[in-house]
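Student: Give me a model of this one.
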Amino acid sequence: MSDAFLNPDHPSVVFACRGVRVFVKDGDTEKQIVRGVDLTVRRGEKHALMGPNGSGKSTLAAALMGHPSYRVEGDIWLNGERIDTLEPHERARRGLFLSFQYPVAVPGVTVANFLRASLAARRGTEIPVRAFRQELNAAFETMSIDPSFITRYLNDGFSGGEKKKLEILQMLLLKPAFSLLDETDSGLDIDALKIVSDGINLASGPDNGLLLVTHYQRILNHVQPDVVHVFMNGHLVRTGGMELVTALEERGYDWLAEEAAIPEGSRA
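Tutor: Residues are numbered from 1 along each chain as shown. Model (predicted):
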């Protein structure tokens, strides 16, 4: 299990955050959503973040990526480098990846052009067309996506499952150091869930890490997490392994109500 006391710049740590608090504008005031999160992910680890609707899981993922709608306090490290002052595109270039719960359509931008530009930004150099096509075709086959999607506009008219498979295809191509997967399993049928899970496992290796945000056990049966966190009322209330997932499936979240109470020091 991950050692929360490791220094964020330790060679075995791929991602870490300390004291992360997230605020969003609420009229003329600010509302606190995330109330002080400490997280350490070693290389090669998969972490799951579970919690009820409205607990702040997606807000945390978006804030770690640098979403401009949020004001973030705290420190964030990727590969030993502080990234909390970087813009989202700079975090992405350094290897931070966010898979959206609701991927947006971008009419006018083809899947091929989007992916080639993303790869060039990530690798810092243009990719020859032939080499790019070879990589892209292999990834499309892995994710069971029809090759005709290459020429379609990004997510425009795609089904929910098609959007999610394309998100994981991006992960396979970009080879991020750390991936934030926000409810990737939502809206997937059984077949699509298996394909997406296989893609996540294929993209996971000894040098990278991921945090998988989910409500349900079903994807965790395919993407076996090393560490499971329960997130309620904007903070981590318990950490364990797959036995924690089983307990949540059997008992729901109410049994953690006392631990989920908002800490005094983090009230808005």
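Student: In contact with the residue nearest to the spatial centre of the chain, which residues?
Tutor: The centre of the chain sits closest to Leu180, judged by CA atoms, centre = their mean, with a distance of 1.3 Å. Neighbour list for Leu180: 61, 64-65, 96-99, 210-211, 213 [criterion: CB atoms under 8 Å, 6 or more residues apart in numbering]. C-beta: built from backbone N, CA, C; applies to glycine.
Student: Quick check: of the residues you listed, which has the highest neighbour count?
Tutor: Leu64 (28 neighbours; other CB atoms under 10 Å).
Student: Let's verify it: helix, strand, or coil?
Tutor: Classification of Leu64 by DSSP: H, G, I helix; E, B strand; the rest coil places it in helix.
Student: outside of stretch 119-138, which residues touch it?
Tutor: 89, 92-93, 95, 112, 115-116, 147, 150, 173-175.
Student: Buried subset of those residues as a PyMOL selection?
Tutor: Remark: buried members of the contacts of stretch 119-138, expressed as a PyMOL selection using 16 or more other CB atoms under 10 Å:
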select buried, resi 92+95+112+115+116+150+173+174+175
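Student: okay if I get the contacts of stretch 119-138 as JSON lines plus secondary structure and distance to Leu248?
Tutor: Output for these, formatted as JSON lines (DSSP: H, G, I helix; E, B strand; the rest coil; distance: CB to CB, whole Å):
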{"residue": "His89", "secondary structure": "helix", "distance to Leu248": "36"}
{"residue": "Ala92", "secondary structure": "helix", "distance to Leu248": "32"}
{"residue": "Arg93", "secondary structure": "helix", "distance to Leu248": "36"}
{"residue": "Gly95", "secondary structure": "coil", "distance to Leu248": "31"}
{"residue": "Ala112", "secondary structure": "helix", "distance to Leu248": "41"}
{"residue": "Leu115", "secondary structure": "helix", "distance to Leu248": "36"}
{"residue": "Arg116", "secondary structure": "helix", "distance to Leu248": "41"}
{"residue": "Pro147", "secondary structure": "helix", "distance to Leu248": "40"}
{"residue": "Ile150", "secondary structure": "helix", "distance to Leu248": "40"}
{"residue": "Leu173", "secondary structure": "helix", "distance to Leu248": "33"}
{"residue": "Leu174", "secondary structure": "helix", "distance to Leu248": "31"}
{"residue": "Lys175", "secondary structure": "coil", "distance to Leu248": "32"}
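Student: What residues are recorded as beta-bridge partners of Val34?
Tutor: Per DSSP bridges, the residues bridged to Val34 are Val22.
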